[in-house]
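S.K.: Provided below are the primary sequence and the corresponding predicted coordinates.
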Amino acid sequence: MKAVGARLPRYDGVEHVTGRTTFVDDVRVPGTLWVKALRSPVHRADVKGLDTSPAESMKGVHAVITWRDVPLLEYGHLSALGIPADEPLLAKDDLRYKGQPIALVAAEDEETAQAAVEAIVLDLDEQEPLLDIRRAFDADAPVIHQWGNWYPHFEAEMDRRQIRKGDVDWAFEHADTVVQGVYRPAAIEHVPLETQVCLVVPEANGRLTIYSCTQALYFSLGVVAAHLQVPLNKLKLVGGTVGGGFGGKVDTATETMCSLLALKSGRPVKWRWTREEEFLCSSTRAPWHMEIADAVTKDGWILGRKMLTLHDSGAYARFSPYGLTKHSFHHTGAYTIPNLSFDGYVVFTNRVPTTAMRGFGVTSVSFATETHMSRIAEVLGLDPYEIRLKNANRIGDTSPNGVVYTDPSTVPTIQAIADAMGRELPADHRTMSRQPREGSLLPEHLVAQLGNPEEH
């Protein structure tokens, strides 16, 4: 308890501000080769030919790898959880996003490696890309993924994440008005100060030592082992300081390919992305398209919600089914809505695959629900604090997927925001609490959704 409320120095603070912190790129091993990648120059194409022999014959080049060098070409971070893998480590028959890695070169220096990449002969048949998730469902849209244009492997092989609660038709029949809105937060690049970087050292005992900037060390360990088809004890991952992650360094973007090059060359190899690569080829926070229609009463009760979400996964699934699942469980925000119809799709496009970023799946829907709450207040001519406090989650209320709330913080949070904003709430709003609903805060339409927090 000595630490609670105390101003404690960060254990790594002095090293950070004095520049003595060791990052992956600071690790130096004699004889290290440098890595460069041949990446797709277009958004979508079929691969008609790939000739790496000009690069392999160049002086100073020690290894070139393509998909043929990968023991298990497709393996995903969530494969162990039943999410099928769909993304090849290196592109094989087709290219699905601009910047997708096709081949990698390990050479004596960066200049030689880049020259070797440019010597590789690549024959492509460019295809029409799909770049707008709203077009994915059109009859004439190009089909860009082997599963179709959206992810089909949710529970019971459903092609969407679906939530149904209560009787949404009743809610819309009894509403005084319906408030609708469409919300489309854009993709966001994480922009870590440290770009993706990895160093792999082949040891005399047959193990690989992998210096990684991953923010998910054991995830990455499992992914590399699966791709290489080796037991975990053949790998030693050395993590440490991550120079900015925010969710963007869970993708194991470099470790497996560097491991393959180290095995093929017998030399240590390092791959350090340029800032241009980080911006153009690294995963981003996903763009979202969210449509909300709320059935509301004139005095501010939300009777029901219909919601459609399109999540832009980019070219492959990666973590997107997980992100959309979190999104669906939070699609009512911090508020209790008893009647729900939610459909969410993970949509494939020819964009860079998207990934986690700070509150993955939840941040986007929080933006939408809070904006929509303000819209409802404006349409009804009600105070935005009042409408939030009235519908706020309380002990005993249930979430969209039936979880009973035992410790919701919505009411005190809204009161604290009002106080910080200098907003004087009416006395009955100031004295509201998160305790179970009763009296005027328990209208008939909310009774059926209540649960017993002690039994949860």
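M.R.: Right, received. Where do you want to start? All values derive from a computational prediction rather than experimental measurement.

S.K.: how about the strands of the stretch 1-150 of the chain, start to end?
M.R.: Secondary structure of the stretch 1-150 of the chain by DSSP state E, counting those that start in this stretch: the strands cover 33-39, 45-51, 61-65, 94-95, 101-107, 121-126.

S.K.: max-length helix in this structure?
M.R.: Of all the segments of type helix in the chain, defined by DSSP state H, the longest one is helix 362-380.

S.K.: which other helices and strands does that helix contact?
M.R.: With contacts taken as 3 or more Cβ pairs under 8 Å, 6 or more residues apart in numbering; DSSP states H and E, helix 362-380 sits against strand 177-183, strand 288-296, helix 320-329, helix 384-391. The way it works is simple: take the backbone N, C-alpha and C, and place the C-beta from them, glycine included.

S.K.: that older thread, using a markdown table, lay out the strands of the stretch 1-150 of the chain together with mean neighbour count.
M.R.: Listed next are the strands of the stretch 1-150 of the chain as a markdown table, based on neighbours: other Cβ atoms under 10 Å:
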| stretch | mean neighbour count |
| --- | --- |
| strand 33-39 | 23 |
| strand 45-51 | 14 |
| strand 61-65 | 22 |
| strand 94-95 | 23 |
| strand 101-107 | 26 |
| strand 121-126 | 14 |
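
S.K.: could you dump the ones you listed into JSON lines and include mean pLDDT?
M.R.: Listed next are the strands of the stretch 1-150 of the chain as JSON lines, based on pLDDT from 0 to 100:
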{"stretch": "strand 33-39", "mean pLDDT": "98"}
{"stretch": "strand 45-51", "mean pLDDT": "98"}
{"stretch": "strand 61-65", "mean pLDDT": "98"}
{"stretch": "strand 94-95", "mean pLDDT": "98"}
{"stretch": "strand 101-107", "mean pLDDT": "98"}
{"stretch": "strand 121-126", "mean pLDDT": "98"}
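
S.K.: and the longest helix of the chain, how far from the chain's centre?
M.R.: When distances are taken as Cα atoms, centre = their mean, to the nearest Å, helix 362-380 is centred 22 Å away from the chain's centroid.

S.K.: can you pull the buried residues of that helix?
M.R.: Residues of helix 362-380 classed as buried under the neighbour-count rule (16 or more other Cβ atoms under 10 Å) are 362-366, 368-370, 372-373, 375-377, 380.

S.K.: what sits up against it?
M.R.: Under the criterion Cβ atoms under 8 Å, 6 or more residues apart in numbering, residues 177, 179, 181, 183, 185, 285-286, 288, 290, 292, 294, 296, 298, 300, 302, 309, 326-327, 330-335, 357, 359, 382-384, 386-388 lie in contact with helix 362-380.

S.K.: in PDB, could you pull the C-alpha coordinates for it?
M.R.: Presented in PDB, the C-alpha positions along helix 362-380 are these (Å, rounded to 0.1, in the frame of the first residue of the first chain):
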ATOM      1  CA  VAL A 362     -14.300  -0.300 -28.200                       C
ATOM      2  CA  THR A 363     -12.800   3.200 -28.900                       C
ATOM      3  CA  SER A 364     -14.600   3.400 -32.200                       C
ATOM      4  CA  VAL A 365     -18.000   2.400 -30.800                       C
ATOM      5  CA  SER A 366     -17.600   4.700 -27.800                       C
ATOM      6  CA  PHE A 367     -17.100   7.600 -30.200                       C
ATOM      7  CA  ALA A 368     -20.200   6.600 -32.100                       C
ATOM      8  CA  THR A 369     -22.400   6.000 -29.000                       C
ATOM      9  CA  GLU A 370     -21.400   9.200 -27.200                       C
ATOM     10  CA  THR A 371     -21.900  11.300 -30.400                       C
ATOM     11  CA  HIS A 372     -25.300   9.600 -30.900                       C
ATOM     12  CA  MET A 373     -26.300  10.400 -27.300                       C
ATOM     13  CA  SER A 374     -25.700  14.000 -27.900                       C
ATOM     14  CA  ARG A 375     -27.700  13.800 -31.100                       C
ATOM     15  CA  ILE A 376     -30.600  12.300 -29.200                       C
ATOM     16  CA  ALA A 377     -30.500  15.100 -26.600                       C
ATOM     17  CA  GLU A 378     -30.500  17.700 -29.400                       C
ATOM     18  CA  VAL A 379     -33.400  16.100 -31.300                       C
ATOM     19  CA  LEU A 380     -35.500  15.800 -28.100                       C
END
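
S.K.: that one to strand 177-183, inter-axis angle?
M.R.: 140 degrees (axes from the mean of the first three to the mean of the last three Cα atoms, to 10 degrees).

S.K.: so which of the strands of the stretch 1-150 of the chain gets nearest M257?
M.R.: Set against M257 and scored by Cβ to Cβ, the strands of the stretch 1-150 of the chain come closest in strand 101-107, at 5.3 Å.

S.K.: sheet partners, orientation included, of the closest one?
M.R.: Strand 101-107 has the following sheet partners, assigned by DSSP bridges: strand 33-39 (antiparallel), strand 61-65 (antiparallel).

S.K.: and S399, how far from L235?
M.R.: S399 sits 40 Å away from L235, going by Cβ to Cβ, to the nearest Å.

S.K.: share the number of residues neighbouring T284, please.
M.R.: Burial of T284 is recorded as 21 neighbouring residues (other Cβ atoms under 10 Å).

S.K.: ok, and the closest non-adjacent residue to it?
M.R.: Take T284 and drop its neighbours on the chain: the residue closest to it by Cβ to Cβ, 6 or more residues apart in numbering is A187, 4.4 Å away.

S.K.: before we move on, the earlier item: make a markdown table from the strands paired with strand 101-107 and add distance to P202 to it.
M.R.: Conversion of the strands paired with strand 101-107 to a markdown table gives the following (distance: least, Cβ to Cβ, whole Å):
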| stretch | distance to P202 |
| --- | --- |
| strand 33-39 | 11 |
| strand 61-65 | 11 |
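
S.K.: nearest to R394, of the ones you listed?
M.R.: Relative to R394, the nearest member of those by Cβ to Cβ is strand 33-39, separated by 51.9 Å.

S.K.: can you list contacts of that closest one?
M.R.: Contacting residues not belonging to strand 33-39 are listed as 62-63, 98-110, 112-114, 116-117, 120, 122, 257-258, 261, 265, 267-271, 277, 281 [Cβ under 8 Å, 6+ apart].

S.K.: and stretch 59-69, by the same measure?
M.R.: With Cβ under 8 Å, 6+ apart, stretch 59-69 has contacts from 33, 50, 52, 55-56, 73, 88-92, 102-109, 112-113, 116, 120, 257, 260-261, 264-265, 267, 269.

S.K.: for stretch 103-110, same thing?
M.R.: Stretch 103-110 is contacted from outside by 33-38, 50, 52, 55, 58, 60-66, 90, 113, 116-117, 120, 257, 260-262, 264-265, 267, 269, 271, using Cβ under 8 Å, 6+ apart.

S.K.: try stretch 426-444
M.R.: Counting contacts by Cβ under 8 Å, 6+ apart, the residues outside stretch 426-444 that touch it are 301, 385-386, 389-390, 392-397, 408-412, 415, 446, 450.
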